[in-house]
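# pasting the sequence and the predicted model now:
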Amino acid sequence: MRAITHTLTDIVSAAFEKCGYDPSLGTVSVSDRMDLCQFQCNGAFAAAKMYHKAPFIVAGEVAAVLAEEPLIGRAEVAKPGFLNITLRDEGLISLMSDIAADGNLGVPQAEKPETIIIDYGGPNVAKPLHIGHLRSAIIGEAIKRLARATGRRVYGDIHMGDWGLQIGLVITELRRRNPDWPCFAPDFPADGRTPELDVDILNEVYPAASKRSKEDPDYKAEAQTATVELQNGRYAALWKEIMRVSVADLKRNYDRLGVDFDLWYGESNARRYEPRLMEILTSKGLLVESEGAKVVEVATDEDKAPMPPVIIKKSDNSSIYATTDLSTLIQRQEDFAPDRVWYVVDKRQSLHFTQVFRCARKAGLVGENCELEFLGFGTMNGPDGHAYKTRDGGVMRLSDLLDAAERAAAEKLSASEFTDGSDLTDTARKVGAAAIKFGDLINHRSKDYIFDMDKFLSFEGKTGTYLLYTVTRINSILKKAGMDDCAPVAAAKVYTDAERNLMLTILLSGEAFDRAFEEKAPNYICESAYDLATAFSRFYHENHILSEADAEKRAAWLGLCALTKRLLVKHLDVLGIEAVESM
Ligand code: ARG
């Protein structure tokens with residue numbers, strides 16, 4: 001199905017044309033005065049200029065044509081020339097059945113096939129997953145699901161940092177502690193057996209190494225050398241063991257968050273494409289020497305701020321972050337020929353991506369029409385307005401944050417009147433995750449926000465908890481009525497205003513999906529879910545569904561409950577939030 005404003009735009013454009021005006025004047029938008037009308041068209045003002053007529057006259061002519069339209073109940077002209085449109089109730093009801101029967105529940109689908117790669121997560125192997133990576137996971141997952149829900153082919157790529165200095169640091173620390181391990185010998189085979197590591201060792205070794213390298217320049221140099229050696233093929237067996245342990249731990253953490261990736265690639269996967277990158281850059285004459293390094297100039301005349309060249313090879317001939325991202329683009333182009341590649345990364349990396357994208361375009365690494373976009377996100381702050389920390393000021397582990405959220409949710413649920421004795425542990429896990437995710441996603445991704453577990457767990461307001469609670473409330477109504485989600489949507493008429501308002505809100509969720517996709521911003525899905533929940537609450541309070549004596553009316557209302565639930569669950573699913581049966 002198409003978004004309702006598109007359907008109405010077609011109808012109103014045809015009406016303009018029928019009156020002898022340009023059809024492009026018929027753009028319809030959602031009304032900003034819902035008390036007056038549901039939709040509006042302001043095309044008469046532009047028409048007035050083009051055709052030298054009063055806007056009021058033009059709007060009047062178009063309104064007269066629209067009066068014949070079966071979908072439109074009222075098309076009224078408001079001075080000086082607004083066209084106010086309200087749907088016929090029968091039209092609204094038939095759109096509800098269309099949505100209920102649509103496999104995508106009315107979510108507008110892409111008009112042409114499209115392949116999108118979303119690069120998100122971006123954890124660094126061998127380092128414990130900390131909350132700095134939480135936003136990338138939550139936002140990236142939601143954008144991936146959003147793109148899928150709107151009919152795109154999407155690949156989520158975790159793009160692990162598995163090839164950089166952090167591995168060199170871990171190798172250095174392990175070698176200092178265990179100089180006798182055979183895997184440190186220069187000729188140790190890549191498939192040789194190394195001592196088994198585990199996640200506790202890694203969690204202890206990396207911070208120790210990182211601390212030491214900041215204090216001891218020799219240690220740092222040793223780690224840098226180890227990194228270059230690693231990139232030249234040494235320590236392959238140890239690297240594999242570090243990867244085995246680390247990736248298993250990452251999977252556990254992302255699983256808990258309901259985040260999953262189609263491609264578990266890392267920076268190391270890009271190195272195969274590096275020779276090709278060098279070849280392309282050289283043959284196109286893009287590579288220049290600068291202070292011993294090899295760089296590509298990416299500044300343009302329009303730049304207002306200085307735009308440094310992108311470094312491809314440092315003076316010691318080692319590759320850096322940009323080299324990897326460029327090589328990865330060659331791989332992505334080769335494997336998927338994507339229409340779009342999106343990066344969900346901390347907004348402080350904006351310059352890096354500007355440089356990479358410009359270089360990729362100059363070198364023609366991706367198709368000319370391929371959209372490369374950096375979807376930067378802001379910081380998650382603590383109550384003091386500074387980056388969220390543990391009580392003692394350290395970096396918070398992701399698993400600790402999730403544990404804390406589950407505990408808080410369990411406490412809240414056991415103290416609340418809403419619990420009905422269902423599996424508390426499982427419900428608390430879902431409620432905790434929902435609270436964190438919704439608390440994050442309700443903010444536009446580019447904004448910083450304050451992490452406030454109490455607020456996120458509130459049963460009122462724009463929270464994941466409120467939305468889950470609304471779903472459980474609908475479940476309970478349907479259960480009491482002996483119905484399920486498939487209760488048929490078949491009203492003979494619209495009985496009340498709150499019911500009409502709920503139908504309209506259901507209809508407008510299609511607009512939210514369109515907008516969220518266009519702006520790559522899941523917060524519009526959050527808002528739409530919240531609108532649905534509040535429209536439902538009003539409907540529920542104003543209409544006594546279960547005790548309604550008129551069988552036809554009761555059935556119509558139950559059908560609307562079922563449709564609301566399905567659509568709300570669809571919103572939640574796009575946000576990566578699992579619904580609960582009861583609370
Ligand atoms: N590992 C990087 C970091 O922790 C993020 C990777 C982002 N993705 C990319 N293609 N550069 O900062």
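Now that the structure is in, tell me what you want to look at. What you see is a predicted model; the values in this text were computed from it and never measured. Numbering: from 1, shown residues only.
# in what helix or strand does the residue of the stretch 401-550 of the chain found nearest the ligand lie?
Using CB to the nearest ligand atom, the closest approach of the stretch 401-550 of the chain to the ligand is made by residue 445 at 14.7 Å. C-beta here means a position set from N, CA and C on the backbone, and glycine is covered the same way. For residue 445, there is no host helix or strand (DSSP states H and E).
# now it: closest residue in space that isn't a chain neighbour?
Spatial nearest neighbour of residue 445, excluding adjacent residues (CB to CB, 6 or more residues apart in numbering): residue 377 at 4.5 Å.
# correct me, but that neighbour touches residue 346?
Yes. Look at residue 377 against residue 346 with CB atoms under 8 Å: they come within range, at 6.4 Å.
# intersection of neighbour lists for the two?
Listed as contacting both residue 377 and residue 346 by CB atoms under 8 Å, 6 or more residues apart in numbering are 135, 136.
# which one of these two has more residues nearby?
residue 377 (24 against 15; other CB atoms under 10 Å).
# so what's that one up against?
135, 136, 139, 344, 345, 346, 347, 445, 446.
# tell me how far it lies from residue 13.
Separation of residue 377 from residue 13 (CB to CB, to the nearest Å): 38 Å.
# what does residue 431 give?
For residue 431 relative to residue 13 (CB to CB), the value is 46 Å.
# of these two, which one has the most company?
With neighbours defined as other CB under 10 Å, residue 431 and residue 13 compare such that residue 431 has more, 28 against 21.
# and the spatially closest residue to that one that is not a sequence neighbour, how many neighbours?
Leaving aside its sequence neighbours, residue 431 sits nearest to residue 409 (CB to CB, 6+ apart; 4.2 Å). Neighbour count for residue 409, taken as other CB under 10 Å: 26.
# helix, strand or coil for residue 409?
helix (DSSP: H, G, I helix; E, B strand; the rest coil).
# just list the residues touching it, thanks.
427, 428, 429, 431, 432, 435, 457.
# which element follows the strand or helix carrying the fourth one toward the C-terminus?
Take DSSP H and E as the rule and residue 431 turns out to sit in helix 424-441. Tracing the chain C-terminally past helix 424-441 and defining elements by DSSP H and E, one meets strand 449-450 next.
# helices and strands around that following strand, which ones?
strand 380-381 (3 or more CB pairs under 8 Å, 6 or more residues apart in numbering; DSSP states H and E).
# nearest to the ligand within the protein, name that residue for me.
residue 122 (3.0 Å).
# residue 194 belongs to a strand?
No. Counting by three-state DSSP, residue 194 falls outside a strand, being coil.
# tell me the mean pLDDT for stretch 329-348?
Taken as a whole, stretch 329-348 has a mean pLDDT of 97.
# buried residues in stretch 25-40?
25, 26, 27, 28, 30, 31, 37, 38, 39, 40 (16 or more other CB atoms under 10 Å).
# again with stretch 210-218
210, 212, 213.
# burial of the closest residue to the second one other than its chain neighbours, as a residue count?
In space, and not counting its chain neighbours, residue 212 is closest to residue 219: 5.1 Å by CB to CB, 6+ apart. Here the neighbour count serves as a burial measure; for residue 219 (other CB under 10 Å) it reads 18.
# swap in residue 279?
10.
# now do the same contact list for it.
Residue 279 touches nothing, counting by CB under 8 Å, 6+ apart.
# quick one: low-confidence ranges for this protein?
Residues of the chain that meet the criterion pLDDT under 70 lie in 417-422.
# make it 50
In the prediction, the chain carries no residues with pLDDT under 50.
# mind listing the strands for it?
For the chain, the strands defined by DSSP state E occupy 28-30, 39-41, 72-78, 82-87, 115-119, 153-157, 287-290, 293-296, 310-313, 340-346, 371-377, 380-381, 449-450.
# what is the burial count for residue 276?
14.
# I misspoke; the intended subject was residue 305.
For residue 305, using other CB under 10 Å, the count is 6.
# again, but for the one 3 residues further on
Other residues within reach of residue 308 by the criterion other CB under 10 Å amount to 12.
# surely it and residue 355 touch.
Yes. Counting by CB under 8 Å, residue 355 is a contact partner of residue 308 at 7.4 Å.
# kindly report the residues of the stretch 301-450 of the chain close to the ligand.
325, 343, 345 (CB under 6 Å from any ligand atom).
# drop anything exposed from the residues you listed.
325, 343, 345.
# closest one to residue 515 among the strands of the chain?
strand 28-30 (10.4 Å; CB to CB).
# who does that closest one pair up with?
Paired strands of strand 28-30, with direction, are strand 39-41 (antiparallel) (DSSP bridges).
# please list the outside residues in contact with the partner strand.
4-5, 8, 12, 26-33, 62, 82-87.
# with stretch 576-583 instead?
Here stretch 576-583 has contacts from 138, 141-142, 145, 257-259, 413, 416, 418-420, 422, 426-427, 430-431, 433-434, 437-438, 464, 467-469, 471-472, 475-476, 568-569, 572, using CB under 8 Å, 6+ apart.
# I'd say residue 222 and residue 172 touch.
Yes. Residue 222 lies in contact with residue 172 (CB under 8 Å); the separation is 5.1 Å.
# so who does residue 17 touch?
Counting by CB under 8 Å, 6+ apart, residue 17 has contacts 23, 26.
# would you mind measuring from it to residue 26?
8 Å.
# ok, now residue 405?
49 Å.
# from the buried residues of stretch 210-218, which is closest to residue 265?
residue 210 (24.5 Å).
# who in the protein is up against the ligand?
119, 122, 124, 159, 161, 325, 343, 345.
# and the two most separated of those residues?
The widest separation within the residues of the chain next to the ligand (CB to CB) is 15.8 Å, between 124 and 343.
# now the two most distant members of the buried residues of stretch 25-40.
25 and 38, at 19.7 Å, using CB to CB across the buried residues of stretch 25-40.
# coming back round to it: what's the helix holding residue 431 packed up against?
Other helices and strands packing on helix 424-441, by 3+ CB pairs under 8 Å, 6+ apart, are helix 134-149, helix 236-257, helix 398-415, helix 453-456, helix 464-480, helix 523-542.
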